[in-house]
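Q: Turn this into a model:
(3 chains)
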Amino acid sequence: MSTSYNLKRADFIFRNENDWEKILIRTIKRDKQELINELISSELKGRGGAGFPTGLKWKLASEASSDQKYVICNADEGEPGTFKDREILTKVPFKVLTAMGICGFITGATKAFIYLRGEYKFLKTDLEKAIDEFEYYCKEIDFDFKIEIFMGSGAYICGEETALMESMEGKRGEPRNKPPFPTHKGYMEKSTIINNVETLAHTFTIFKHGAKKFYDLGVQFSRGTKLFSVSGDTPKPGIYELELGMSLQDFVDEFGDGDTKAVQVGGASGFLVPRKRFNETAIGFKGKLSGISLPTGGSMMLFNSTRSMFNVLDNYLEFFREESCGQCTPCRVGCQQLLIGIKAVKQGAKPANYLDKLLKLTETMQYTAKCGLGQSVANSFSSIVENFREEMIY
Amino acid sequence: MNQTNELITELANKYGRNRKNLLPVLQGVVEQEKFLSDDTMIEIARELDLPAAEVYGTATFYSFLEYRKMGKYVIRICKTITCAMKGKNQILLTIQDMLKIGVGETTTDKKFSLLQTNCLGWCHKAPAMLINDEVYTELTPETVRVILTEYIKK
Amino acid sequence: MSNKINLTINGMVYEIEPGKTILEAAQDVGIIIPTLCYHKDLCVAGNCRVCLVEVVGQKRLAASCATPCHENMEVLTNTLKVRNSRKHIIELLLSEHNADCTKCYKNGNCELQELAAEYKIMSQDLIDLVPLKNYTIDMFSPSIIKDDSRCIRCQRCVRTCAELQGVNALTVAYKGDKMKISTFFENSMNDVVCTNCGQCVNHCPTGALIEKNYIEEVWEAISDPEKHVVVQTAPAVRVGLGEELGFEAGTRVTGKMVSALKNLGFDSVLDTDFTADLTILEEGTELLTRLKRTLVDKDESVQLPMATSCSPGWIKYIEHMYPEYLEHLSTCKSPQQMFGALVKTYYAKSRKLNPANIVSVSIMPCTAKKFESNRPEMHDSGYRDVDFVLTTRELAIMVKQAGIDFMKLQDKKFDRLMGESSGAAVLFGATGGVMEAALRTAYEIVTGREVPFKNLEITPVRGMEGIREASIKIENPLKAWSFLDGVELKCAIAHGLVNAKTLMEAIKAKKADYHFIEFMACPGGCLGGGGQPIPTSPEIREKRSKAIYDEDDAMAIRKSHENPEILKIYKDFLGEPLGEKSHHLLHTKYVERNRY
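A: Prediction:
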């Protein structure tokens, strides 16, 4: 098996396969436990960014006792630099719907939702048609499964699973306390299994081709392929399916414009990697195979030497200040302080070492914020400030 | 006003009158009227038997559920990182120049409102904007002039 | 048998009941974890993040209020990481907060200030965000001031308004840095469905929600030699005031309170309990009249159940939410307003005073009373019946300002003429108390015998259950009331508006065939009122409740109709219950208000 960290293209997700009916009927005739085991053995991890093992999630949901269970497809793709889910839902919606059906079959959920971000409303009509066709087929094969689209209305935080459920319940999209976790108590207090669009598409691949095919791609701890949304200073922005585990240098060699000074991996809530660390950084979930390994929902933003990293950070922080739900102190006030703080340093109103105090603040935010948003602001902040300190000051 | 009330009743009949149906109802009104007035929110509260403050608190959480008066066409320009890098400001200036309004404002003929918004998910085709639900990408000052001219003619 | 779980806190192993949060378990074993958004009356929010603790094995800190304990969990409450993070959180809150503490009404009684003091927050590191915020202050309500610049967004008020009161006048609006506590469209509290109950004030940890105070106005009146300043004190004040002035919760300080009021310079210190007794006579008669008209005259226009009308928060609630049921309300004014109307008529006449020179002040456990006294119809004496309403808390402030050592005061008695009262009257301070007082009198009027309960304690109507029911069968009534023979008088009690809502919905659904219902806006009744000392918690309400019942027990007269001053006022002035003068001075009507 290859242990190099080369960039390897793959083509599973968007490969046009008109066999979803066959896959669905074939899979729901199989043993549920066997399917869960297959999924676990694929080592697929959530593709939304958090990277929770998908097989384990389905297992937990299948074991939960609940008179009604729900499957939710999280299509609230709001992370800056991410646009892959829209493409999946546009090009291969049936893979996602089929995967939702299989998930329902395994966990015992008969009702499902796609939470579609408001910005993607133009997708709704086509997606509804696909759902109609899918449900028609389900009825034909006597498979009790219903899917509904729930539209978001412009709130980044609703991508957080419990905030999304609050939103679906008609409330403000404020993340809940955990525990309880959604597999135990989710939408309408019922056991709910929520997966990212891409994750579901991968399960289709796994159930179609077998876990081994998926497992054999990628590297240890980071199996399979992943869709990457490539944007910024690149001659070829777009969506690419690549095996996990490549080195960032390889990625930049392929997608950079020859002058790449840094790459933001994982969107505004991810990490900024400067040129000097491209070689030692791998893209994956865990395991320090060659230096740092960064998880990602697939957002890769490239910056060349014309870009001011102060402006980049300023843009992120303004985003977070506005998109924080505002309920918990560290995130609500922390984001405001970080934004106004870097401006104060830039303008000379605060000394340069104020940046260190702000770094401490991001550490507190990471330890104390209620949900992933507040916790992850520290990622981009510290990686930018530590690597481009001069740009923050002068 | 009466027309709005009818719309709200119609939406409530379609989606239901439980708390979980609040967002679809709010969205349905915004789709028709572009924003939610205080009277509209009261009517929704009445129709769904919810406290008015709850309707207000929920609506104001979501950027697309405007509570300020909006024009017929709501222009939302993405201001997040890639669009900002790829010339969002030029687009904004072009539109401001054409419509003679600033961000957050509505033209006197109530036809256009101009807003900025967070990531629209078109970073590979930046800069991007929405006019109502319609997406426009890879904008340049020239293309945006053409697009807006079409809308002005409508 | 024992299914306790082992929890290690700071290295010590404890056996704790399962199902508790880390915070509760720590409190049980005497380890204090600071909190802000947590309140025993409310559901857990977990948003302030002050109660963070370290759970061994987790990198992130856990909000102890929202984290359940599990077997063999190891918790650390006082590590460097916890302390530094907590300090940071407090600093963040302060940076968004108008921390001009010396100019804040809550100075000295603010949970944020206390925490800042405890953690010695001296650093000026973070940038003050207040100048960027456009904070507003809403002063239009006669009861409550909402100052956004003091708000820490813990949402205790929002949860209070929703969970305890079912009113939802307050909500969380917007998100991110703009997130704030708001009314509908940021209208004034005076223009929305707010009932002025003040529970939000009582639950607010800072100075963001405070009562509108009238302390200076009262001082001015007291110092004016032309004015005769009369003060009345509500039943619940005497069991709460002590908490503000050094006593344990549940201490009865009636005598000291009277003494303090005299020291403050009030010309006459009288008792709302007197008009509470009067209310019983008026309301009891009204109930019996309604029963007679229904049972004997078959008058279908008569609305039953009859609902009490002494709680102005409840009155405003029903005016907003169930205006079609206003006919069910007793027409009796609240004891405060009866008192006000009589002070400038009966009292003025008896004392040969010009009512124009009388200033009538009341001390109430309530913020809604401030609104009530401002209602335009409360002018039946020809003047504003009650000029100023102070809360228990405001009285305590005045006592402190006057340099009175409250604990050392000698007990004094209320002045005569509207100062005498019965034990029944003091019961008005507790949930179920109006019902108990009314039954003591009504039963005796109808049967000529005392209520069939030991020591007159009608225990079924007592307690803290949100909604309680009781019935009392009438047997062998006096001749005039023979139509009630065998009738089972069905009563219900609701306290906390969320319970009032439940009961009203039952009435609406015709699933409640009661004759008489006592409604109190605040949890626990007036003893848990919005104007009572802060904090108020379930335990504290229990203690104040016990004090109310002890106070009743200690009174020489226990029944309203035996109060000699009541007998005297009917003889000398009013004539009879529901008589013409009563009708003019002691009864009122209600208005329909906006539902949304």
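Q: what about the closest residue to residue A:207 other than its chain neighbours, distance to residue A:226?
A: Nearest residue to residue A:207, sequence neighbours excluded (CB to CB, 6 or more residues apart in numbering or on different chains): residue A:27, at 5.0 Å. (Glycine included, C-beta is placed from N, CA and C.) Per CB to CB, to the nearest Å, residue A:27 is found 23 Å from residue A:226.
Q: Which of the two has more residues huddled nearby?
A: residue A:226 (28 against 20; other CB atoms under 10 Å in any protein chain shown).
Q: my read is the more buried one is in a strand, agree?
A: Yes. Using DSSP: H, G, I helix; E, B strand; the rest coil, the assignment for residue A:226 is a strand.
Q: and the gap between it and residue A:90?
A: In terms of CB to CB, residue A:226 sits 18 Å off from residue A:90.
Q: burial measure for residue C:18, as a count.
A: Residue C:18 has 12 nearby residues by other CB under 10 Å.
Q: Helix, strand, or coil at it?
A: Reduced to three states by three-state DSSP, residue C:18 is coil.
Q: Phi, psi for it please.
A: Here is the backbone geometry of residue C:18 (degrees, to the nearest 10): phi -70, psi 160.
Q: What is the neighbour count of the residue nearest to it when sequence neighbours are not counted?
A: Spatial nearest neighbour of residue C:18, excluding adjacent residues (CB to CB, 6+ apart): residue C:5 at 5.2 Å. Neighbourhood size, residue C:5 [other CB under 10 Å]: 18.
Q: Now do residue C:5, the pLDDT please.
A: pLDDT for residue C:5: 94.
Q: Please report the distance of it from chain A.
A: 15 Å (CB to the nearest CB, to the nearest Å).
Q: Now do the same contact list for that residue.
A: C:15-16, C:18, C:69-72 (CB atoms under 8 Å, 6 or more residues apart in numbering or on different chains).
Q: can you redo the residues you listed as JSON lines with secondary structure?
A: Below are the contacts of residue C:5 laid out as JSON lines (three-state DSSP):
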{"residue": "C:15", "secondary structure": "strand"}
{"residue": "C:16", "secondary structure": "strand"}
{"residue": "C:18", "secondary structure": "coil"}
{"residue": "C:69", "secondary structure": "coil"}
{"residue": "C:70", "secondary structure": "coil"}
{"residue": "C:71", "secondary structure": "coil"}
{"residue": "C:72", "secondary structure": "coil"}
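Q: how about those in TSV, adding pLDDT?
A: Compiled in TSV, the contacts of residue C:5 are given as follows (pLDDT from 0 to 100):
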residue	pLDDT
C:15	95
C:16	94
C:18	92
C:69	96
C:70	94
C:71	94
C:72	94
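Q: Most neighbours among the residues you listed, which one is it?
A: residue C:69 leads those on contacts (other CB under 10 Å) with 25 neighbours.
Q: show me the contacts for that residue.
A: Counting by CB under 8 Å, 6+ apart, residue C:69 has contacts C:5, C:7, C:16, C:18, C:20-22, C:25.
Q: what number of residues lie near residue A:75?
A: That count, for residue A:75 with other CB under 10 Å as the rule, works out to 27.
Q: I misspoke; the intended subject was residue A:184.
A: Residue A:184: 18 neighbours (other CB under 10 Å).
Q: now do the one 10 residues further on
A: Other residues near residue A:194 come to 24 when the count uses other CB under 10 Å.
Q: ok, now the one 4 residues further on?
A: Applying the criterion other CB under 10 Å, we find 27 residues in the vicinity of residue A:198.
Q: likewise residue A:108?
A: Counted with other CB under 10 Å, residue A:108 comes out at 18.
Q: Ignoring the adjacent residues along the chain, who's closest to it?
A: That would be residue A:69: by CB to CB, 6+ apart, it lies 5.3 Å from residue A:108.
Q: From what I see, the one you found and residue A:107 are in contact.
A: Yes. Residue A:69 is within contact range of residue A:107, at 5.7 Å (criterion: CB atoms under 8 Å).
Q: Mutual contacts of the two, please.
A: A:61, A:191, A:193.
Q: for the nearest residue to residue C:162 once chain neighbours are set aside, helix, strand, or coil?
A: Closest residue in space to residue C:162, ignoring its immediate chain neighbours: residue C:168 at 5.2 Å, by CB to CB, 6+ apart. Per three-state DSSP, the secondary structure class of residue C:168 is coil.
Q: Flag every residue of chain A that's near chain C.
A: Within chain A, the positions adjacent to chain C are A:155, A:157, A:172, A:177, A:179, A:320-330, A:332-337, A:340-341, A:344, A:350, A:354, A:357, A:360-361, A:364, A:366-370, A:375 by CB under 8 Å from any CB of the partner chain.
Q: Now, those residues that are in helices?
A: Using DSSP state H, the members of these that fall within helices are A:320-323, A:329-330, A:332-337, A:340-341, A:344, A:354, A:357, A:360-361, A:364, A:366-368, A:375.
Q: Is there a quick PyMOL command that grabs whichever of those residues are buried?
A: To isolate the buried members of those in PyMOL, using 16 or more other CB atoms under 10 Å in any protein chain shown:
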select buried, chain A and resi 320+321+322+323+329+330+332+333+334+335+336+337+340+341+344+354+361+364+366+367+368+375
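Q: check the ones in helices among the residues of chain A next to chain C against chain B, which are close?
A: Among those, chain B is touched by A:322-323 when using CB under 8 Å from any CB.
Q: so, in contact with chain A or not, stretch C:72-92?
A: Yes. Using CB under 8 Å from any CB, we find that stretch C:72-92 touches chain A at C:81, C:84-85, C:88-89, C:92.
Q: Starting from the helix or strand hosting residue C:218, tell me the next helix or strand along the chain.
A: Per DSSP states H and E: residue C:218 is located in helix C:215-223. Moving toward the C-terminus from helix C:215-223, the next helix or strand (DSSP H and E) is strand C:228-233.
Q: circling back to that earlier point, can you check the shared contacts of residue A:69 and residue A:107 and name whichever has the most neighbours?
A: That'd be residue A:193 among the shared contacts of residue A:69 and residue A:107, by other CB under 10 Å, with 29 neighbours.
Q: Near residue 84, how many other residues are there?
A: Looking at chain A here, since you left the chain open. Around residue A:84 there are 27 residues (other CB under 10 Å).
Q: could you do chain B instead?
A: 19.
Q: Now for the nearest residue to it once chain neighbours are set aside: which residues touch it?
A: Closest residue to residue B:84 apart from its sequence neighbours, by CB to CB, 6+ apart: residue A:315 at 5.5 Å. Shown in contact with residue A:315 (CB under 8 Å, 6+ apart): B:79-81, B:84.
Q: Strands along chain B, start to end?
A: B:73-78, B:112-117, B:129-131, B:134-136 (DSSP state E).
Q: from the ones you listed, which stretch is densest packed?
A: Ranked by mean neighbour count, these are led by strand B:73-78 with a mean of 24 (mean count of other CB atoms under 10 Å in any protein chain shown).
Q: For chain C, which residues score under the pLDDT cut-off?
A: C:1-2 (pLDDT under 70).
Q: Enumerate the residues of it near chain A.
A: So far as CB under 8 Å from any CB goes, chain C lies against chain A at C:44-50, C:52, C:59-61, C:63, C:66-68, C:81, C:84-85, C:88-89, C:92-93, C:95-96, C:125-127, C:129, C:132, C:152-153, C:155, C:172, C:174-179.
Q: okay, now the one residue in the stretch 1-150 of chain A that gets nearest to chain C: neighbour count?
A: At 13.1 Å from chain C, residue A:78 is the closest residue in the stretch 1-150 of chain A, using CB to the nearest CB. Neighbour count for residue A:78, taken as other CB under 10 Å: 26.
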